[in-house]
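In: Here is my input, please return the structure:
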Amino acid sequence: MVLKISLLVVFFAVMLGVGIYSRNKAKNVNDYVLGGRTVGPWISAFAFGTSYFSSVVFIGYAGQFGWKFGLASTWIGLGNAFIGSLLAWLVLGRRTRLMSQQLDAKTMPEYFGKRFDSKALRIAGSIIAFVFLVPYTAGVYNGLSRLFGMAFDIDYRICVIIMAALTAAYVVIGGYMATALNDFIQGIIMLIGICLVIGAVLAGKGGFTEAVKSLSQVATDPSVTTEALQDGQGLFASFFGPDPLALLGVVILTSLGTWGLPQMVHKFYAIKDEKAVKTGTVVSTFFAIVIAGGCYFLGGFGRLFGDQPGVVNTDGSIAYDSIVPSMLSTLPDILIGIVVVLVFSASMSTLSSLVLTSSSTLTLDLIKPLKKKPMTDKVQLRLMQIFVVCFIAISVVLAFNPPTFIAQLMGYSWGALAGAFLAPFLYGLYSKNISKAAVWASYILGVVFTVLNMFLHFIASPINAGAITMIAGLILVPIVSAITPKVDKKKVDEMFTCYDKTVVVPETENLGR
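Out: Take a look at the predicted model:
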């Protein structure tokens with residue numbers, strides 16, 4: 001216990017120290033929200049990756065989808081790496097940085113407002129972002145409860161309060177730069193931790209080969225498979241698992257969904273230069289392969305721990321959030337301490353990104369446009385710092401009394417945000433022909449479809465519902481744009497000049513001229 005607590009104390013001290021170190025780099029709104037758009041490649045890449053993967057992935061999704069799909073759940077991690085990270089950087093990174101600077105946009109709602117010349121779109125976008133980021137934040141806390149109960153004999157609410165207070169402190173003091181630097185440190189901890197944990201867990205089951213052999217002998221659970229595969233043996237060690245279509249839905253939501261999440265796209269706004277884009281693309285992809293691939297790969301062996309206390313409820317249902325903690329419960333104390341710090345790192349990096357995004361969105365996209373008198377930089381900065389504290393307080397209250405559907409609500413949160421934002425954001429970067437009405441259509445589709453499905457359940461899985469919403473938005477936006485008035489051509493042409501400016505580069509970067 002002393003060892004585990006000591007690791008946490010050192011971890012907390014470093015996080016707070018980084019916040020204090022970064023305070024001189026957060027003196028104005030641009031620095032506080034974007035780090036002055038001077039964030040280098042490694043820090044940008046780690047900020048993207050650590051914001052992507054939280055305790056929700058490590059504890060919740062890895063346990064749940066590993067149980068349902070077996071080793072095939074590793075495809076989710078690979079999808080996160082190559083679609084959610086590599087393609088996101090290639091398709092969105094450079095263009096987002098150029099267009100957001102051209103528009104002087106610091107948030108996603110501000111991008112919509114300026115790109116489509118609509119104050120109403122900006123305000124509506126800020127409301128959507130705030131409403132659906134709150135449950136996401138609460139879910140980050142919720143993922144810690146089982147793990148903390150396994151590692152320490154104290155109420156996990158104490159853990160929530162400590163994490164919330166520490167995150168609030170370094171975000172309020174240091175803003176985006178403190179968040180990004182801490183993300184870098186937390187990312188290194190996550191890389192080392194996941195490798196050690198996978199090795200230790202597999203060693204406890206006789207090694208990789210023996211663990212796969214044992215998994216191949218597990219009968220398929222009829223409650224989570226298609227009828228044709230109910231009597232299958234060995235499906236949990238197979239290439240695509242017992243339910244490939246459901247697996248595809250999870251890959252789409254958790255991979256393509258990041259393209260429309262405000263806190264993820266925000267990382268591209270702050271990139272320093274071209275080198276940061278190129279290096280960040282490679283580093284971010286590598287990070288995602290190790291972390292996401294490792295988490296889901298580990299979760300794929302979950303059924304080998306089905307006999308552990310707490311995994312199967314008294315009514316026969318599966319406690320998915322208990323699977324990964326049960327896998328870790330037999331590890332040596334030093335490894336359990338590392339795991340606790342690992343999950344704290346994953347959770348705090350995501351939490352800091354969420355609260356900074358929410359506070360800046362409320363201040364810059366809701367309050368500022370509605371104010372008749374201009375707001376000074378100092379007032380905006382103070383408001384954002386206040387909202388950081390308020391947002392964390394609200395999420396703590398939800399985490400203390402989570403509704404029974406909090407895990408499902410995570411899927412709804414991603415579905416609504418990405419369903420509303422992904423299509424108009426992506427098309428808006430590449431096409432001059434996207435209309436204001438198309439953005440409204442995407443907003444309505446993402447929110448209304450998600451909310452209706454929460455209560456009517458016409459699509460049983462919120463994961464599949466979110467994936468369908470995103471794909472529907474990608475189809476709907478160009479159709480609506482084709483039949484509705486476009487944004488003023490002169491204004492749009494001026495926006496797109498950021499892609500056409502001539503720059504001088506070294507010959508080594510311009511082969512074949």
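In: Please state the offset of the lengthiest helix in the chain from the chain centre?
Out: Counting residues, the longest helix in the chain under DSSP state H turns out to be helix 156-204. Averaged C-alpha coordinates place helix 156-204 at 14 Å from its chain's average position (CA atoms, centre = their mean, to the nearest Å).
In: Please name the spatially closest residue to Ile173 (chain neighbours excluded).
Out: Gly19 (4.3 Å; CB to CB, 6 or more residues apart in numbering). From N, CA and C alone the C-beta is placed, and that goes for glycine too.
In: Wait, Lys436 touches Leu121, no?
Out: Yes: Lys436 lies in contact with Leu121 (CB atoms under 8 Å); the separation is 6.8 Å.
In: Low-confidence bits of the chain, can you list those?
Out: The chain contains residues with pLDDT under 70 at 1, 3-4, 36, 55, 139, 141-154, 220-233, 402-409, 502-513.
In: Test my guess that Ser100 contacts Tyr111.
Out: Yes: between Ser100 and Tyr111 there is a contact under CB under 8 Å: 6.1 Å.
In: Phi and psi next, for the residue nearest to Ile173.
Out: Backbone geometry at Gly19, expressed as degrees, to the nearest 10, gives phi -60, psi -40.
In: any idea how far Trp440 is from it?
Out: Distance, Gly19 to Trp440, by CB to CB, to the nearest Å: 39 Å.
In: could you pull out the strands for the stretch 201-350 of the chain?
Out: For the stretch 201-350 of the chain, strands defined by DSSP state E, counting those that start in this stretch do not occur.
In: Now do the helices in it.
Out: Secondary structure of the stretch 201-350 of the chain (DSSP state H, counting those that start in this stretch): helices located at 208-216, 244-256, 262-269, 274-299, 320-328, 333-361.
In: do the stretch 351-500 of the chain as well
Out: Listed in chain order, the helices of the stretch 351-500 of the chain (DSSP H, counting those that start in this stretch) span 368-370, 377-400, 406-430, 436-456, 462-483, 489-495.
In: Now do the buried residues in the last one.
Out: Applying a neighbour-count criterion of 16 or more other CB atoms under 10 Å, the buried positions in helix 489-495 are Val492, Met495.
In: distance between that helix and the chain's centre?
Out: Chain-centre distance of helix 489-495: 33 Å, with CA atoms, centre = their mean.
In: swap in the fourth one?
Out: In this view, helix 436-456 has its centroid 21 Å away from the chain centroid, taken as CA atoms, centre = their mean.
In: quick one, it and helix 406-430 angle?
Out: Angle, helix 436-456 to helix 406-430, by axes from the mean of the first three to the mean of the last three CA atoms, to 10 degrees: 170 degrees.
In: Just want to know which of Gly19 and Trp440 has more residues nearby.
Out: The neighbour comparison of Gly19 against Trp440 (other CB atoms under 10 Å) goes to Gly19, with 26 against 18.
In: so who does the closest residue to Phe240 other than its chain neighbours touch?
Out: With CB to CB, 6+ apart as the criterion, Phe240 has its nearest non-adjacent residue at 5.2 Å, and that residue is Ala72. Counting by CB atoms under 8 Å, 6 or more residues apart in numbering, Ala72 makes contact with Phe236, Ser238, Phe239, Phe240, Gly241, Pro242, Pro244, Leu247, Gly300.
In: if we go to 7 Å?
Out: Ala72 sits next to Ser238, Phe239, Phe240, Gly241, Leu247 when contact means CB atoms under 7 Å, 6 or more residues apart in numbering.
In: quick one: which of those residues is nearest to Val355?
Out: Lowest distance from Val355 to the contacts of Ala72 (CB to CB) belongs to Leu247, with 32.1 Å.
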